[in-house]
Structure formats: structure tokens, C-alpha cells
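A.B. asks: Have a look at this fold, sequence not included:
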């Protein structure tokens, strides 16, 4: 029934057109309404010159419009390229150049920020969701109703994809700091979805509240799973409107609430009782993106004893490779990320590439139908990461005798901030442009009270003759103007020099040691810099 | 003369969210800018409580979505409504 990602919308609309599909704070749509709007927009996109396999970038916040855009691109046989709604102009430029995308689907508010990039790269069309249009731009800009009108005037035959066709390209942090596009075919996505649906046990009576960005695989996957089973999803953008999120939990009798350890940390620290009160319909919680500290899991389970708490391990390149129900497996496995999913094989290898026995730490290698075929336009990175169909994750871990996976760290430098991954190189590049900073080394530190996961901090070499007195706030603003927020250090430490290897590579573990020495006597970095 | 509640609130917001004063306004709401995300919101709650030496009731804290909400609530707690 479901061979393509688009089937989960259109097939569901055929079977249950009147069922509620997606709700956000402004609107809600049924499967029938969404499918019909998607098909209209897909005709419009073809009418505006979209050809099979063309890439289209979607820069939209969590909401119905994101799914209208995302499914319309794929229904028109294009390739959807979802980007974070707060994507910086610098990153969008890199993604536009790399993907060769000629269409940008976004809001007028985001386009105000990104117009200069779209103009420079002369993209074919910008399609605006919402009412306002920017007129002072050289790029052709259309409102959604105008695009739909074009499609109605000149309807085209919508070409149906096949399972091996590319469905989407998800950009993730690359080793040089520039984003790299993970190619996901319909068959990769559907293999992962079938595994998740089976493990979680989704039914059409489920409803999920998704606060995670749907421009990332984790949030997007949860919406897909619900649609596959005929449930519905309520979408919010993060937890900053916490009252609205918790009220929605109660009002829509939400049964699933995926999140990150960071998000659950905030709820438990500040709103535990009201969260428990509003979460009476909740049946399951899925945690991803970073290991949940066992103590936090215990706290969450005590607060919500009726809820099945699950954790999974995966990367954009190999979605949901291992899964575990912490509730069913018990406290002995609170540190595990689970057993391999159906058809997925997880091996631990040493530096020579030889498989290691249970209990030995090595690199986690994944193979199976969920693994990407590679990075768009990057044969060298693909060859370095995916060898003989096996994804070399760069993560370190070990398997126990029952096949449970435990993740212990990373070979690569990537820092994980509440599920958002950054390459420190990108932040360092920006930092050394700040007046007075001669060199910088960015690292992740596990030291923030109440927050699971890593916090980004920077060791900097600062020359007062060039920059005067170092002003942390000013430096943060400088970074925020060029980087997404999660890539900006929350604390700066002026140090004598950045330790480097003979080949010039930053020795990050040594920076961590230096910073920890500076912090000696201050076990925790205060949340408020 | 000590700073007014409005001035102090502006200073807390700019410091916690690392935004320049020209971005700050009473209409600014959670999620309007990337700096005011989930973590930014939790930090704001704590920083505003510290600045004004108050503790928000959970029910009140849930309703805080904009600068204006913060100002009105703090003024109510300080009896300056």
C-alpha cells in the first residue's frame, strides 16, 4: 500500500479523506484536504517549470504549510530539500549551490532575510506561503494561490516516482563545516518508517505532538509515522510557548510526544507537575538525538508511570537503526539505545576494520535498507563514509551479549546540542573574524546544570591590542548574526594558545582539559552567561 | 534614581537573548527570533525572577509568551499594576 513517501498522504486520503491529518496553532487539515491542496500545488510547480528530479528548498516553520510544500514537491516528482527555518544566509547559499535547487518555498519573513542569496544565485522562482510578497527583488516571486492558478490553467501529467527515486535531500553538518546533503530514496524512508511504526505500535487512534523541527529527520519521521497509520499530528515550534504546548497535550488528547533529553530536562525542571497533569492521555514518549541520563529517565518514568519511554539510535544517513523501550527493558538498560531494527545490522569495528566481539568499544557501523546511498554531489565523502553499503558512523560504542547497543562517544568532531549537530570548524571560522580573536577552538562540554547533552564553549586567543577589552555579549551577537543559535558558544574562555597537532588539527580534548581547569571550583557553567 | 521595571526588563532580555536593544519591543514574542527558543525561554524565566526577586507561579509562567506578558506579570507581582 505504501511504496512511496507520497503514498502515506495520498493513499490515506483515498481511504480516510475526512480524518484529521495535521493541526497547527492557526489551521487544521484533513487527509483529503491536504492531498487535494498538495496535488494542486504540484501541478502549479510543474507549470512553473519544475522538472522530474529538480531540487526544491523548503524553508518553512513547523505547520501545515511545511507539509503542503514538502509533499507537493515530491508529488510533482521533484526532490524536497527541507532546511531549518532559521537557516543562515551563509548556509542557505551553500545548500543552494550544492543542491543546484532552483525553487525556494518559504515565508515572506524568512525571504526578507534570505533574498540576497536567492538573487545572487538567480534561482528560478520563490514561492511564498502567506499573504505578503516582497516586490523589491529581482527574483520571480509568486504567492501559493498564483502558482496553483497556473497549474489549473495548464494542468500537466504528474509523473509518479518509483521506490528507488530520490525523495529528499537532508542537509547535515559536513566535515569541513559546510553542509552535506544526505540522499534519501523513497525506499530508504519507507524501510525506516515500517520499522518505527512496528516498534512503537502506532494506530489510527494515535495523535502526536511534534515540537521538534520537521526540517530534521527526527521530527519529520514522526509526522510520517502518524500519517502512515491515519492518526494526526499537532505541530508547534519548540517549547518557547510552553503553555500552548501543554494545553494542546490535554486538548487534543495527545498519545505520543517525541522529544530530546534537552526538552524533557526543561519540562521536568520547571513544569513537572503541570506536564503530568496535562499528559494523562499520553501513551508513549520517543527520545532521540542524545543519550538521556539514566537519572533523568528515572525521573520521567516516575512522573509518568503509565507511559512507555522509548529511545532510538540513528543518523540522518541511517534513520532509526536501533530502538529500545526503556520502560520494558528496565533500569539496567537505561544507558542503552537498543537493539538493531528489523533488516538492520550493527557491527562494532576496530581501526583496522575488523569486527569486535561483545563488550569491546569501537566504531559503530550500520548496514540495511535504511542506509543512504550517499551524499549529494560529494563522491569523496560518500566513499569515505559508506563502504560496501555499510555506514561508518564515526560514533563509538559497544554491543552486549544480547545485542544491545551502548554509545560511548565520537571519533569525529561533531558536537551534539540537544540533537542539533554542529561542526566546530564552522563556528571557529566565524570567531576568528571577530576583532581581536586570533585563534579559536570550539568544543562541547557536558556541564550545564539541568541540561542533558553538550554545551558549546570556545577557547579563544585574544589580542587586546587589536580588539580592546573582550566583550562576551558583543561577540555572541557577532556570531548570532552569521550562525544559527545552537552553533554559538554560550561561554568564552581566553586561553594562551589553541593546542594543535603537527598537521595543524585542533586537539579538542586538550581544550576541554584547559577549560575544565579554568572552571575548577565551578562545577557547573551557569545557564545565564 | 533607580531604573524602571521597563528598563530593567529590557536589559534582562537583551543580556539573556543576546539581542541588540533595537530588536527589543513589547510586541516581541517567543519564537519571533531564533534567539527566543526553548532554552532562551527557560533562561528568561529564571533571569527575570532573579532580577525582580520574585518566583512565578507555574500557572502564570505558562502564560508568558511576549515581552508585554512578562512586563504585565512582573508589575502585578510587584504590586505596580
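C.D. replies: Sure, I can see it. What you are looking at is a predicted structure, and each value in this text was computed from that prediction instead of being measured.

A.B. asks: Do you have the strands of the stretch 1-150 of chain A handy? List them.
C.D. replies: A:20-23, A:28-30, A:55-59, A:79-82, A:103-107, A:125-129, A:141-143 (DSSP state E, counting those that start in this stretch).

A.B. asks: could you dump the ones you listed to a markdown table with mean neighbour count, mean pLDDT and distance to residue A:210?
C.D. replies: In this view, the C-beta of every residue, glycine as well, is placed from N, C-alpha and C. Output for the strands of the stretch 1-150 of chain A, formatted as a markdown table (neighbours: other C-beta atoms under 10 Å in any protein chain shown; pLDDT from 0 to 100; distance: least, C-beta to C-beta, whole Å):
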| stretch | mean neighbour count | mean pLDDT | distance to residue A:210 |
| --- | --- | --- | --- |
| strand A:20-23 | 23 | 98 | 10 |
| strand A:28-30 | 18 | 97 | 14 |
| strand A:55-59 | 26 | 97 | 16 |
| strand A:79-82 | 26 | 98 | 14 |
| strand A:103-107 | 25 | 96 | 19 |
| strand A:125-129 | 22 | 94 | 19 |
| strand A:141-143 | 17 | 94 | 27 |
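
A.B. asks: export the ones you listed to a markdown table and tack on distance to residue A:489?
C.D. replies: As requested, the strands of the stretch 1-150 of chain A are exported to a markdown table (distance: least, C-beta to C-beta, whole Å):
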| stretch | distance to residue A:489 |
| --- | --- |
| strand A:20-23 | 36 |
| strand A:28-30 | 40 |
| strand A:55-59 | 25 |
| strand A:79-82 | 27 |
| strand A:103-107 | 28 |
| strand A:125-129 | 33 |
| strand A:141-143 | 36 |
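
A.B. asks: What parts of chain B come near chain A?
C.D. replies: When proximity is defined by C-beta under 8 Å from any C-beta of the partner chain, chain B lies next to chain A at B:15-16, B:18-20, B:30-31, B:34-43, B:45-47, B:50, B:58-59, B:61-65.

A.B. asks: can you rerun that using 7 Å?
C.D. replies: Counting by C-beta under 7 Å from any C-beta of the partner chain, the residues of chain B close to chain A are B:15-16, B:18, B:20, B:30-31, B:34-38, B:40-43, B:45-47, B:58, B:62-63, B:65.

A.B. asks: C-terminal to the top helix by length along chain B, which secondary structure element comes first?
C.D. replies: Longest among the helix segments of chain B by residue count, using DSSP state H, is helix B:38-52. Note on helix B:38-52: by DSSP states H and E, the next helix or strand toward the C-terminus is helix B:58-62.

A.B. asks: so where do the strands sit in the stretch 351-500 of chain A?
C.D. replies: So, for the stretch 351-500 of chain A - with DSSP E, counting those that start in this stretch - the strands run A:362-367, A:374-375, A:386-387, A:390-399, A:405-410, A:415-417, A:420-422, A:437-445, A:455-462, A:491-494.

A.B. asks: These: which one's closest to residue A:347?
C.D. replies: The closest of the strands of the stretch 351-500 of chain A to residue A:347 is strand A:362-367. By C-beta to C-beta, the value is 4.7 Å.

A.B. asks: Which elements pack onto that closest one?
C.D. replies: strand A:345-349, strand A:390-399 (3 or more C-beta pairs under 7 Å, 6 or more residues apart in numbering or on different chains; DSSP states H and E).

A.B. asks: which one of these lies closest to chain B?
C.D. replies: Closest approach to chain B among the helices and strands packed on strand A:362-367 is made by strand A:390-399 (24.3 Å; C-beta to the nearest C-beta).

A.B. asks: partner strands of that closest one, parallel or antiparallel?
C.D. replies: When pairing is defined by DSSP bridges, strand A:390-399 lines up against strand A:362-367 (antiparallel), strand A:386-387 (antiparallel), strand A:405-410 (antiparallel).

A.B. asks: what does the last one rub up against?
C.D. replies: Yep, that's strand A:405-410 we're talking about. Applying C-beta atoms under 7 Å, 6 or more residues apart in numbering or on different chains, the external contacts of strand A:405-410 come out as A:291, A:313, A:322, A:335-338, A:346, A:361, A:394-399.

A.B. asks: Outside of the helix of greatest length in chain A itself, list whatever touches it.
C.D. replies: As assigned by DSSP H, the longest helix anywhere in chain A is helix A:31-47. Residues outside helix A:31-47 that contact it (C-beta under 7 Å, 6+ apart) are A:9-10, A:12-13, A:16-19, A:21-22, A:67-68, A:71-73, A:75-76, A:78, A:144, A:147-148, A:150-151, A:154-156, A:158.

A.B. asks: Buried ones in it, by neighbour count?
C.D. replies: A:31-35, A:37-47 (16 or more other C-beta atoms under 10 Å in any protein chain shown).

A.B. asks: What's the local residue count around residue A:355?
C.D. replies: Neighbourhood size, residue A:355 [other C-beta atoms under 10 Å in any protein chain shown]: 11.

A.B. asks: Same question for residue A:337.
C.D. replies: Neighbour tally, residue A:337, other C-beta under 10 Å: 26.

A.B. asks: again, but for residue B:7
C.D. replies: 10.

A.B. asks: Hmm, residue A:334 and residue A:294 touching each other?
C.D. replies: Yes - Residue A:294 lies in contact with residue A:334 (C-beta atoms under 7 Å); the separation is 3.8 Å.

A.B. asks: If you count surrounding residues, which of these two has more?
C.D. replies: Between residue A:294 and residue A:334, counted using other C-beta under 10 Å, the more crowded position is residue A:334 (20 against 14).

A.B. asks: can you list the residues that contact stretch A:268-286?
C.D. replies: With contact meaning C-beta under 7 Å, 6+ apart, stretch A:268-286 is reached by A:200, A:242, A:246, A:249-250, A:253-259, A:267, A:296, A:299-300, A:303-304, A:307-310, A:312, A:450, B:42, B:45, B:58, B:62.
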